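> sequence? don't have it. structure:
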């Protein structure tokens, strides 16, 4: 069972990319959300209100921003998804260093997602500062939601679980060495 656990966890985290990753709220109302998959492929934002979609489709500024976003896929989520896929495949293929590889890949994904979050929030804050007069009565916020946090939590779980496995293997190997040392005769003294 332990053999398939890493690949299963990496695969489940890949599936989490189909859940919403970011959400834009106006005050406390959700305007729209975007999944990790949509961010990788340059897909559309899922809007909460159909009338909002009609308004945005008629807005020339939104059209140009949307085209620009579709032409430049998000590199952070793409790299994170590729690393998760590699983790799922390599966990099945490798016979040795499986735990070390799972720890390295999961921590890399965690680091990439945290940098992605920081970059997105920094860009969002700079955009909102430049339009402060317009947004004096409404507050637009960018939130990271369920899909993002499941992947972050899952990578921490994978790293922790495989660290536990490494310590458990090391302890078992130490116990075997200690057992053989205690009961074995000293062959050098007879020679």
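Ah, there it is. Treat the numbers as computed from the prediction; the structure is a model and nothing was measured.

> for the residue nearest to residue 79 when sequence neighbours are not counted, grab phi and psi.
Spatial nearest neighbour of residue 79, excluding adjacent residues (CB to CB, 6 or more residues apart in numbering): residue 112 at 5.6 Å. C-beta: built from backbone N, CA, C; applies to glycine. Backbone torsions for residue 112, taken as degrees, to the nearest 10, come to phi -60, psi -40.

> what number of residues lie near residue 112?
As a burial measure, residue 112 scores 19 neighbours (other CB atoms under 10 Å).

> what's the separation between it and residue 26?
Per CB to CB, to the nearest Å, residue 112 is found 29 Å from residue 26.

> same thing with residue 168?
As judged by CB to CB, residue 168 and residue 26 stand 50 Å apart.

> who's more crowded, those two?
Between residue 168 and residue 26, counted using other CB under 10 Å, residue 26 has the larger neighbour count: 15 against 12.

> now do the same contact list for that one.
Counting by CB atoms under 8 Å, 6 or more residues apart in numbering, residue 26 touches 138, 139, 140.

> what's the nearest residue to the last one if we skip its chain neighbours?
Read it as residue 140. Spatial nearest neighbour of residue 140, excluding adjacent residues (CB to CB, 6+ apart): residue 26 at 5.7 Å.

> give me the residue at the spatial middle of the chain.
With the centre of the chain defined as its mean C-alpha position, the nearest residue by CA atoms, centre = their mean is residue 151, 4.1 Å away.

> report the buried residues of the helix ranked longest in the chain.
Longest helix of the chain, by residue count under DSSP state H: helix 146-183. By 16 or more other CB atoms under 10 Å, the buried positions in helix 146-183 come out as 147, 148, 150, 151, 152, 154, 155, 158, 159, 161, 162, 165.
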